[in-house]
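Undergrad: Sequence and predicted model, in that order:
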Amino acid sequence: MIKCDNIVKTYKLGETETTVLKGVSFEIKKGEFVAIIGPSGSGKSTLMHILGTLDKPTSGKYFLNDVDMLNLSDDDLAKTRSQRIGFVFQSFNLLSRANVLRNVMLPLIYDNNIKKEERKARAEKSLISAGLDKDRWYHLSSQLSGGQMQRVAIARALVNNPDLILADEPTGNLDSKTGDIVLNTFQRLNREFGHTIVLITHERYVAEHADRIIELRDGMIIADGKASKSLLKDK
Amino acid sequence: MVFSDLIEEVYMSLSSNKSRSGLTMLGIVIGIASVITMVSIGQGSTATIESSIQSLGSNLLVISPGASKSYGSMVRGGAGSASTLTMDDADAILSEVSNLKNVAPLISSQKQIVYKGENTNASIYGITSVYQTVKSLEVSTGSFFSETQIEKVAKVAVIGPTVSETLFGEDVDPTGLKIKIGDTQFTIIGVTVSKGTSGMNSSDNIVYVPITVAEHYFTGSESLSSISVEVTESKYMDQAEADIEALLLERHDKDADSADFSIMNQAEIMDTMSSVSGTLTLLLGAIAGISLLVGGIGIMNMMLTTVTERTREIGLRKSLGARSKDVSGQFLMESISLTFIGGIIGIILGIAASYLVSTFGGTTTVVTSESVFLSFFVSAAIGIIFGYYPAQRASQLNPIEALKYE
């Protein structure tokens, strides 16, 4: 479903050029739960931005559902994000003045294919999938705990029924206990509903919750294999 | 993004910071309200000037002796100082020019008026009974002199209320009393109704005497001070003016450059006065417009702050699938909503303020639908103009950078 072919990303800062990604190639099949791991500066955030169509590679190819993302206009990329991709951020990025349901429905206002009446039903469904208690649905998002906020963010990522869920350090702002709950939510979404999930993290412990781990260092893939001990064996 | 969603989003953002939105809107409210009020004062004064000129008599041409044009460096005598118009001219105009209603010759002079110990200086107008019709003069007590009295050179006078008050004091009916104008004794037969002061001349400080008397006792000649001509309809004004000019040039054996008289068209005076008050309206409107401009800059300032504050939100919306035009549309709509609502409140306040000015300020104000519509569109336009740049800035934010923004 995802195909990256020799992706290179170079940033220019005045005279100096920094190559963040130095030829990254991999494929992710539908229904996979993949963790991309690497220390800071390894290029994993840049890779996530490219996968999320927020950024374009300097060279190389990126196909999402066999569509070449490099040939799309900005408006088409926005449409792709609204219909095919769900984001979960480290800092949740909820609208604090809106209630939970409204936050979850937010992506739907940018997709004209979904009728207004349908929005609430879809938001409720994804809130149930994300495991947020019903009595919180009408709270302002600023009144929730960190774990609850991240589950609202997950519900928001699910609401447009995306092909791909991209989670950028989803446990970074959570303590380990609520972090576990959020990671279990991802696992459940992957196993029960077959969502394709790409999780970006710098912690091996977090990455171990995925089925497959792609390890980045200095802009190159140094390992790609099954999670847990199997990764070491492959090496 | 459908329109109802846009409105909901705009409402959410504006209501989340009510005091800031309110204060920014206040700038527009004050701007629009002052434009409406100022323009209503300006247009009120235009209306007042027009009606007061109209009240002097309608469709009036006034012919004065003396040239109206100056020739090279020659100094000309003031209009009215020459003595080139005669009663014969007046009769010729009446008989030879068509579409005239009335022709009223006038001999005026300034004289000392004495009653016992009291004395005053007033304009003495020698008139015919036609003049009374043209100027719509009415008496509050007594009567005007008759045709017979004019023919018989009767020494009777109708005095203005100011003259009456000065000589006899208030609430005294002077009818029948005798006054001395210059060296001649006159009997008062009436007092005119007060017309108030218009411009520099008070029409209440005048003594009217029969024109024959003025000829005989004051000027000693046939020459007239002016001839007022009333035209039947305003559409004949220009024609009548041209005809009279041609007739008098022929009678006086002059050409257009050496004319020894001048004709004032009341419509022209009105045009001049209207253009003066029009300029006044424009000036007042412009001053108020500056406050509107400042209000608009306030909107832009607030929108720029908002864009910076909500950088992360913009990044989020873009990552959720908002196109650039969705983002710019939302911010533009926010500023338009502010100026739109502010404009409506401003119009209501402005109308209320004009009403208060006319009730308690003693100035006539006129709120026209033009000024209301204009302010309405101007306020919406300000929203677009001053909201455009912040909205563009918001839509062009890089979502990656925006999401990282602290």
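TA: Structure received. Numbers count the residues shown, from 1 in each chain, chains lettered A, B, ... in the order given.
Undergrad: where do the strands sit along chain A?
TA: Using DSSP state E, the strands of chain A run over residues A:2-13, A:16-28, A:33-37, A:59-64, A:67-68, A:85-88, A:164-168, A:196-201, A:212-217, A:220-226.
Undergrad: does the nearest residue to B:S291 once chain neighbours are set aside count as helix, strand or coil?
TA: In space, and not counting its chain neighbours, B:S291 is closest to B:G31: 4.6 Å by C-beta to C-beta, 6 or more residues apart in numbering or on different chains. (Each C-beta comes from the backbone N, C-alpha and C, glycine too.) Here B:G31 is recorded as helix under DSSP: H, G, I helix; E, B strand; the rest coil.
Undergrad: got a list of what B:G31 touches?
TA: The contact partners of B:G31, taken as C-beta atoms under 8 Å, 6 or more residues apart in numbering or on different chains, are B:288-289, B:291-296, B:346, B:379.
Undergrad: same check, this time on B:I336
TA: Contacts of B:I336 (C-beta under 8 Å, 6+ apart): B:380, B:383-384, B:387.
Undergrad: Can you list the buried residues in the helix or strand where B:S19 lies?
TA: Element membership of B:S19 [criterion: DSSP states H and E] is helix B:18-55. For helix B:18-55, a neighbour-count test (16 or more other C-beta atoms under 10 Å in any protein chain shown) marks B:21, B:24-25, B:27-46, B:49, B:53 as buried.
Undergrad: what angle sits between the helix or strand just after that helix and helix B:18-55?
TA: Heading C-terminal from helix B:18-55, the first helix or strand you meet, by DSSP H and E, is strand B:60-65. Put simply, strand B:60-65 runs at 60 degrees to helix B:18-55, going by axes from the mean of the first three to the mean of the last three C-alpha atoms, to 10 degrees.
Undergrad: re earlier: which of the strands of chain A sits most buried?
TA: Ranked by mean neighbour count, these are led by strand A:85-88 with a mean of 26 (mean count of other C-beta atoms under 10 Å in any protein chain shown).
Undergrad: quick one: contacts for the closest residue to B:Q266 other than its chain neighbours?
TA: Distances taken as C-beta to C-beta, 6+ apart place B:L60 nearest to B:Q266, at 4.2 Å, with adjacent residues excluded. Counting by C-beta under 8 Å, 6+ apart, B:L60 touches B:134, B:228-231, B:266.
Undergrad: next one: B:Y131
TA: Residues near B:Y131 by C-beta under 8 Å, 6+ apart: B:104-106, B:125, B:137, B:228.
Undergrad: Surely A:T185 and A:L132 touch.
TA: No: applying C-beta atoms under 8 Å, one finds A:T185 not in contact with A:L132, separated by 9.6 Å.
Undergrad: Between these two, point out the one with more neighbours.
TA: Ranked by neighbour count (other C-beta atoms under 10 Å in any protein chain shown), A:T185 and A:L132 place A:L132 first, with 24 against 21.
Undergrad: Now do the more buried one against B:T232, distance only.
TA: For A:L132, the distance to B:T232 equals 89 Å [C-beta to C-beta, to the nearest Å].
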